[in-house]
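Engineer: Give me a model of this one.
(one chain, ligands or ions: 1)
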Amino acid sequence: MKVRQNVRRFFALIIFLTMILGIMAPGYVIPAKASFEAKYYNIEESGGTWDGTNYILNDEIIRDAFFCDGVYTYFLQSDGTPMTNRLTYHPDGEHIIYFDEDGHEVFSNFAHVKTSIAGDEVDDLCFFDVHGYMYTNVLTYDQKGEILYYANPYGVMECNGWFQFAEGAGGVANAMGATEGKWAYAYPDGRIEVGSLGDESVKKIYKPYDLENEKKKTSVNGVSIEYKVFISDYDWQTTVANKETAGSTELGKAIEGIAMDIDGDDNLSVSYQVYGQLYGWLDIVSDGTITGMPSSGLKMQAIRVGLSGSDAELYDVYYRSYVEGLEWLDWAMNGEVSGTTGVNRQLEAVEIVLTPKGSEAPGSRDVFCVDGEANKGAKVAVGNKLYCFSPDGNLRVVDGSKPMVALTYDDGPGDGTPTILDTLAAYNQAATFFVVGSRCNSYRDTLIREYNMGCEIGSHTWSHVILSKASEETIRSQMTDTDNVIEGIIGIRPTTMRPPGGGYNSTVLAVVERPAIMWSIDTLDWKTRNTAMTISAVLDNVSDGDIVLMHDIHQPTVAASQTIIPALVDRGYQLVTVEELAYFRGGMEAGKAYSSFR
Ligand code: ZN
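Structural biologist: Coordinates of the predicted model:
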């Protein structure tokens, strides 16, 4: 009997816990088959006694036979005991069957096979059908018809990496649209990447199902929008349609080229325009024309899509972008920009759909374009998030619902400051630098870099004067001189300050005309000059809303920052500027001092 007539059979799915299976290595050996006639006994028909170890019929121990105790089926070996924990050929010499640790033959279920047919120790997930026969070379779904698995020719469910569909052997995989010999990707739990089945060697991603059927299901009155993308290091991908994902949300690869077309309506055209790394907006093209810079290595970053033609009034076109680090943005429509501009984030996948005119958007529409070009240097609030665009076009998104900490560095800029900036940049984080005015001209480039990457520049007076002991006139000149030198270098005047030595009084607060920023974690780094102590001062005490005091002019602090920054990120902290922290945690105003924002 053939086992695998129906590749779409939905079978009972047993619990798939901890199934990091050993990858199916080449050299997996199935020994030669031997065929013999095995008798079959059922205690309900044949009588006899069964003690769980031996089946005795007519005073004789039954051997080399199948036996059913009314519920379970066993195979009684030549010594009369049931075979346990063993993959074996059915005596018919053709099919492979499995007996679990209790000796029960497995039917219509997965089993974690612990001993191979050759007797080797393995840990393979296999499926056995209603006859108990192992699935081999079958692409199959779970019981909901959603999760796709592939049992390779050895019966092992592929997992944890790339695999190749077997050739020949009935072409079962091919019947699903997965081409024999092609590569696909299986996750550690055995789930196969669907919608972007890939080919590691030719880097081709293709759909495992029939596009025509998919289009019929989802078109509007038979009218579809079709599109295809070129993925970096891959190639042009199979055309998809009607809200299917083109590109990949798993590979971390940019789209470099795109083409789209309308199917089913000669009076409807689609026009589109793309924005990309270095080249900006290209000319608008339409109806199947390739645009972008395929195979150039230049990332596409945003798209616009619009409809024209006499039937355009019947439809809206919605589209959305999956962007590096931001995931899916919301749906844009009818010519709006979707994606990011000016922040150098690659577009990795798009979905496009036609809807009858006036239809609701497929989702909410808070952010459908991250407009870094228009917003350079700005912070844009969307819901509970702050999109922080640095002057040099970097984007950090701060989520108000997640923990955040403000690292602050005083007394610089210094020789070690660029190293701290390198680390912040590597983790896309920010800090606040309370700089000393008299140092700024000597460290112009460092100050400019701090500002350009989105860090906050605060004032720490011109010459580190203890303001609480200074005259009003001195306080004023210390602040004004610092504001002037900073403005001369980066074009903006600091809006926060930190009093040297933490010394302030009501006069200081009144004269500086901006919030005075104190701290909740004092690392004492200036005193200890000890990297390990600075690290533990932060990591042992930090909590949400803290302001951490450090000094970037000390090399041990620079070294400590190499550990502190990644460790805080690893713990889930967002490293934000004082201004950003205050934005989310109650705000701040001139004439007041703050030591934390919680
Ligand atoms: Zn200081």
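Engineer: residue in the stretch 451-598 of the chain nearest to the ion?
Structural biologist: The ion sits closest to Pro500 of the stretch 451-598 of the chain, with a gap of 4.5 Å, by C-beta to the ion. (C-beta placed from N, C-alpha, C; glycine too.)
Engineer: Which residues are in contact with that residue?
Structural biologist: For Pro500, the set of contacting residues under the criterion of C-beta atoms under 8 Å, 6 or more residues apart in numbering consists of Asp410, His460, Thr461, His464, Val465, Ile466, Leu467.
Engineer: For the buried ones among those residues, write the corresponding ChimeraX selection.
Structural biologist: Command for ChimeraX, covering only those of the contacts of Pro500 found buried under the criterion 16 or more other C-beta atoms under 10 Å:
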select :410,460,461,464,465,467
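Engineer: which non-adjacent residue is nearest the residue of the stretch 201-350 of the chain found nearest the ion?
Structural biologist: Residue of the stretch 201-350 of the chain nearest the ion, by C-beta to the ion: Val343 (33.7 Å). For Val343, the nearest residue in space outside its immediate sequence neighbours is Gly372; the separation is 3.4 Å by C-beta to C-beta, 6 or more residues apart in numbering.
Engineer: and that neighbour, backbone torsions?
Structural biologist: For Gly372, the backbone dihedrals are phi -70, psi -20 (criterion: degrees, to the nearest 10).
Engineer: show me the contacts for it.
Structural biologist: Gly372 makes contact with Thr340, Thr341, Gly342, Val343, Asn344, Phe389, Gly393, Leu395 under the criterion C-beta under 8 Å, 6+ apart.
Engineer: was I right about the third one contacting Lys376?
Structural biologist: Yes. Gly342 is within contact range of Lys376, at 6.2 Å (criterion: C-beta atoms under 8 Å).
Engineer: anything in contact with each of the two?
Structural biologist: Residues touching both Gly342 and Lys376 comprise Phe389, Gly393, with contact defined as C-beta under 8 Å, 6+ apart.
Engineer: Which one's more surrounded, those two?
Structural biologist: Between Gly342 and Lys376, counted using other C-beta atoms under 10 Å, Gly342 has the larger neighbour count: 20 against 15.
Engineer: Now do the helices in the protein.
Structural biologist: With helices called from DSSP state H, the chain shows them at 43-46, 172-175, 211-218, 372-375, 417-426, 444-452, 472-490, 506-512, 525-528, 531-539, 555-570, 578-584.
Engineer: got these as TSV, with mean pLDDT and distance to the ion columns?
Structural biologist: Formatted as TSV, the entries for these read as follows, by pLDDT from 0 to 100; distance: least, C-beta to the ion, whole Å:
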stretch	mean pLDDT	distance to the ion
helix 43-46	91	89
helix 172-175	46	68
helix 211-218	57	63
helix 372-375	84	33
helix 417-426	98	14
helix 444-452	98	16
helix 472-490	98	13
helix 506-512	97	14
helix 525-528	97	8
helix 531-539	98	15
helix 555-570	98	12
helix 578-584	97	15
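Engineer: In a markdown table: those, plus distance to Asn267.
Structural biologist: Formatted as a markdown table, the entries for those read as follows, by distance: least, C-beta to C-beta, whole Å:
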| stretch | distance to Asn267 |
| --- | --- |
| helix 43-46 | 72 |
| helix 172-175 | 38 |
| helix 211-218 | 19 |
| helix 372-375 | 35 |
| helix 417-426 | 51 |
| helix 444-452 | 50 |
| helix 472-490 | 55 |
| helix 506-512 | 67 |
| helix 525-528 | 71 |
| helix 531-539 | 65 |
| helix 555-570 | 53 |
| helix 578-584 | 50 |
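Engineer: and those, which is most packed in?
Structural biologist: Here the criterion is mean neighbour count by mean count of other C-beta atoms under 10 Å, and of these the winner is helix 578-584, at a mean of 23.
Engineer: Against which helices or strands is that one packed?
Structural biologist: Under the contact criterion of 3 or more C-beta pairs under 8 Å, 6 or more residues apart in numbering; DSSP states H and E, helix 578-584 touches strand 379-382, strand 385-389, strand 404-410, strand 456-459.
Engineer: Distance to Tyr234 and mean pLDDT for those strands - can I get that in TSV?
Structural biologist: What follows is the helices and strands packed on helix 578-584, written out as TSV (distance: least, C-beta to C-beta, whole Å; pLDDT from 0 to 100):
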stretch	distance to Tyr234	mean pLDDT
strand 379-382	32	86
strand 385-389	30	91
strand 404-410	37	98
strand 456-459	40	98
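Engineer: near the ion, from the contacts of Pro500?
Structural biologist: Asp410 (C-beta under 5 Å from the ion).
Engineer: Show me the contacts of Pro500 that map onto strands.
Structural biologist: Asp410 (DSSP state E).
Engineer: can you list the residues that contact stretch 275-286?
Structural biologist: Residues from elsewhere that reach stretch 275-286, judged by C-beta under 8 Å, 6+ apart: 256, 269-274, 291-293, 298-303, 308, 337, 339, 341, 344, 346.
Engineer: Okay, and which of these map to strands?
Structural biologist: Taking DSSP E, the ones among the contacts of stretch 275-286 that sit in strands are 256, 269-274, 291-292, 300-303, 308, 339, 341.
Engineer: Which members of these are the farthest-apart pair?
Structural biologist: Glu256 and Ser308 (25.6 Å; C-beta to C-beta).
Engineer: Looking at these two, which is more packed in?
Structural biologist: Ranked by neighbour count (other C-beta under 10 Å), Glu256 and Ser308 place Glu256 first, with 26 against 13.
Engineer: Can you list the buried residues in stretch 52-68?
Structural biologist: By neighbour count, and taking 16+ other C-beta under 10 Å as the criterion, the buried residues in stretch 52-68 are Asn54, Tyr55, Leu57, Ile62, Ala65, Phe66, Phe67, Cys68.
Engineer: Spatially central residue for the protein, please.
Structural biologist: Glu250 (6.5 Å; C-alpha atoms, centre = their mean).
Engineer: Now for Gly454, how many residues are close by?
Structural biologist: 26.
Engineer: now do Ser295
Structural biologist: Neighbour number of Ser295 under other C-beta under 10 Å is 14.
Engineer: repeat for Asp546
Structural biologist: Asp546 has 23 neighbouring residues, counting by other C-beta under 10 Å.
Engineer: Looks like it contacts Leu407 (just checking).
Structural biologist: No. In terms of C-beta under 8 Å, Asp546 does not count as a neighbour of Leu407; the distance is 9.2 Å.
Engineer: tell me the contacts of Ser308?
Structural biologist: With contact set as C-beta under 8 Å, 6+ apart, Ser308 has these partners: Leu268, Ser269, Val270, Ser271, Ser286.
Engineer: Got the confidence number for Leu87?
Structural biologist: According to the predicted model, the pLDDT of Leu87 comes to 88.
Engineer: Make residue 1 into 44 and carry on from there
Structural biologist: That works, and once the first residue is 44, the last one we named lands at Leu130.
Engineer: what's near enough to touch it?
Structural biologist: Residues in contact with Leu130, defined by C-beta under 8 Å, 6+ apart, are Ile139, Ile140, Tyr141, Val156, Thr158, Ser159, Ile160, Cys169, Met177.
Engineer: can you pick the most crowded of the residues you listed?
Structural biologist: Counting by other C-beta under 10 Å, Tyr141 has the largest number of neighbours within the contacts of Leu130, with 27 neighbours.
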